[in-house]
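[1] Here is a sequence together with a model predicted from it:
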Amino acid sequence: MKIERVSATEFTFPTRRSVDAAGHSHPGPETLARQVLVTLTTDDGHQGHAFGAPEVVRRHVLDAFARKVLVGQDPLQREQLWHSLEHWQRGSAGQLTDRALAVFDQALWDLAGRALKTPVYKLIGGYRDKVPAYGSTMCGDELAGGLATPDDYAAFARKLVDRGYKAIKLHTWMPPVSFAPDPAMDIKACAAVREAVGPGIELMLDGYHNYSRTDALRIGRALEKLGFSWFEEMMNEQSMASYAWLSGQLDIPVIGPESLSGKHHSRADWVQAGACDILRAGVAGTGGIGPTLKVAHLAEAFGMNCEVHGNGAANLAVCAAIKNCRWYERGLLHPFLDYDEVPAYLRRLADPMDNEGYVHLSRQPGLGEDIDFDYIAAHTVSTY
C-alpha cells in the first residue's frame, strides 16, 4: 500500500461564529465560513481525511511539502513520515506550520484506522470508551445576556451543569473588550460561578494571556480560595521563567504550555524547569497526534497529567487512549450558540455528550468523523 495522491477540497459552510480583532470567537450573524478537507488516497483505494483551515493548508503547502514527502510512501510508516515532514520546517519559508503538520498527521492516522477497520483511539492503544467533558466557555464579550458580566457567567454555568457538565472552564475578558484586561473582573466572574454551581463542580480559569507576574499571582491566590482545579495561560508562555516563578508561589496547579511552539521538546523543558504542574498539548498546536502522545507519555513518566487542549475527533481520540488525562475540552460554548447542532459538513457530532457529562467515542474506523461528502461536493469552491 502506497500513497498515490494528496488532495485538498475547500468548501463553504454556514456558521454563527465570528472572530474579533484579536482572533477570539464570539456569536454573530450567520455567515459562510471556509474549511479544507485534506484527503490521502492509496494505490489500493484506501483514504484518510482531516480538516484544516484554508490559511493553514494552502496549495503551496501541499505542493512544496506534503506531496514531496508523502506520495509513493507507505502510509503506515507514520513516525517516519512525520519526521520527514517536520524536517522541512527548518529553513523553509515558515509555510509548514505545526498546524499544517498536524493535518497531514491526522490524515495518516485516519487512513490507517480506515484501512485496518479500527477506531484511531484503539489503534493508539485505547484506555477507555468514554471521557468526562468540561464545558469550555467562549471569551467574555459585551453582548447583553451573553458573557458580559459576572452574573452572565453564573447564569450560563448553571445551564451547563443542567446539561450534564461536571466541570467548567472559564475564558474571561480580553481585548478588544473595552474594559479588558481586568484582574478584578476575572476574580468576580470566578467567584460568581463558584457560588452558582456550588463546591461539587470542578472549575478552571483560562484568563488574559499577558498578565504580569503580580496580576497572575493575585488571581491565582483568589482561585485557590475558590477551590479552582487549575490556572491556565495567564502570562506570555515565551517566558518559561515566569511560569516557574508562579508555580512556586501557588498551591493551585498551573497548566501549560498551551500555545508555545516546540512540540514535545519545549514541553520537556517546562517539566525540567518546574514551570507547570499539569502538561498541556493539543493535536493542532503540537504538530499532530504523534507528538501529542509523546507529551502525554512524558508527563506520565514524571507522574503528571497531560490535559489535551481543544475539541475535535483527534483530540478526543488522544484523551481516550491515555490514562493521565482527566477531561475532554468541549467547546467553545456560549449562551447564544447551540454546540450540539451538527455542522453542515458532518452527519453527526464528533463528540456527542450524554446527560452525565461523558463524551462517547465513535466505533467507526479511523478518527470517527461521519463526513458528509455529498455536502462538501455541493459546496466546493476549489480543489488542489
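    That came through, no problem. These figures come from a predicted structure and were not determined experimentally.
[2] What ranges does the stretch 201-350 of the chain have for its helices?
    213-226, 240-249, 263-273, 283-286, 289-301, 313-321 (DSSP state H, counting those that start in this stretch).
[3] pLDDT of the shortest one, averaged?
    It stands for helix 283-286. The average pLDDT within helix 283-286 is 98.
[4] Can I get the helices of the stretch 201-350 of the chain in JSON lines including distance to residue 187 and mean neighbour count?
    Any C-beta I mention is one placed from the backbone N, CA and C, and that applies to glycine too. Shown next, in JSON lines, are those (distance: least, Cβ to Cβ, whole Å; neighbours: other Cβ atoms under 10 Å):
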{"stretch": "helix 213-226", "distance to residue 187": "5", "mean neighbour count": "18"}
{"stretch": "helix 240-249", "distance to residue 187": "16", "mean neighbour count": "17"}
{"stretch": "helix 263-273", "distance to residue 187": "26", "mean neighbour count": "17"}
{"stretch": "helix 283-286", "distance to residue 187": "28", "mean neighbour count": "26"}
{"stretch": "helix 289-301", "distance to residue 187": "29", "mean neighbour count": "22"}
{"stretch": "helix 313-321", "distance to residue 187": "29", "mean neighbour count": "27"}
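[5] and the residue nearest to the spatial centre of the chain, what is it in contact with?
    What sits nearest the mean C-alpha location of the chain, by Cα atoms, centre = their mean, is residue 310, with 1.8 Å. Counting by Cβ atoms under 8 Å, 6 or more residues apart in numbering, residue 310 touches 282-285, 329.
[6] can you check residue 352 too?
    Here residue 352 is in contact with 340, 359-360 (criterion: Cβ under 8 Å, 6+ apart).
[7] Considering these, which possesses the most neighbours?
    Comparing these by number of neighbours (other Cβ atoms under 10 Å), residue 359 comes first, having 21 neighbours.
[8] you'd agree that one is up against residue 328?
    Yes: judged on Cβ atoms under 8 Å, residue 359 makes contact with residue 328 at a distance of 5.2 Å.
[9] Need the overlap of contacts for those two.
    131-133, 316, 351.
[10] got CSV for the residues you listed, with distance to residue 155 too?
    Shown next, in CSV, are the shared contacts of residue 359 and residue 328 (distance: Cβ to Cβ, whole Å):
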residue, distance to residue 155
131, 27
132, 23
133, 20
316, 28
351, 24
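[11] which one of the contacts of residue 310 is nearest residue 269?
    residue 285 (16.3 Å; Cβ to Cβ).
[12] list the contacts for the closest one?
    98-99, 102, 258-259, 309-310.
[13] Identify the residue nearest residue 335 in space, chain neighbours excluded?
    Leaving out its chain neighbours, the residue that sits closest to residue 335 by Cβ to Cβ, 6 or more residues apart in numbering is residue 156, at 5.1 Å.
[14] before we move on, what about residue 216?
    Counting by Cβ to Cβ, 6+ apart, the residue nearest residue 216 is residue 234, at 4.3 Å.
[15] Serialize the shared contacts of residue 359 and residue 328 to JSON lines and add fields for pLDDT and distance to residue 57.
    Conversion of these to JSON lines gives the following (pLDDT from 0 to 100; distance: Cβ to Cβ, whole Å):
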{"residue": "131", "pLDDT": "98", "distance to residue 57": "27"}
{"residue": "132", "pLDDT": "98", "distance to residue 57": "32"}
{"residue": "133", "pLDDT": "98", "distance to residue 57": "27"}
{"residue": "316", "pLDDT": "98", "distance to residue 57": "21"}
{"residue": "351", "pLDDT": "98", "distance to residue 57": "22"}
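[16] ranking these by neighbours, who comes first?
    Result: residue 316 is most packed of the shared contacts of residue 359 and residue 328 (other Cβ under 10 Å), 28 neighbours.
[17] Would you mind putting the CA coordinates of the one helix or strand residue 170 maps to into CSV?
    If you go by DSSP states H and E, residue 170 is part of strand 167-171. Output of strand 167-171 as CSV, limited to C-alpha atoms (Å, rounded to 0.1, in the frame of the first residue of the first chain):
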residue,chain,number,x,y,z
ALA,A,167,-16.6,20.7,35.2
ILE,A,168,-16.4,24.2,33.6
LYS,A,169,-13.5,26.2,32.3
LEU,A,170,-13.9,30.0,32.0
HIS,A,171,-12.3,32.1,29.4
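[18] Mind giving me the packing neighbours of that strand?
    Applying 3 or more Cβ pairs under 8 Å, 6 or more residues apart in numbering; DSSP states H and E, we find strand 167-171 packed against strand 130-137, helix 150-163, helix 183-197, strand 202-206, strand 328-333.
[19] go with 6 Å
    strand 130-137, strand 202-206 (3 or more Cβ pairs under 6 Å, 6 or more residues apart in numbering; DSSP states H and E).
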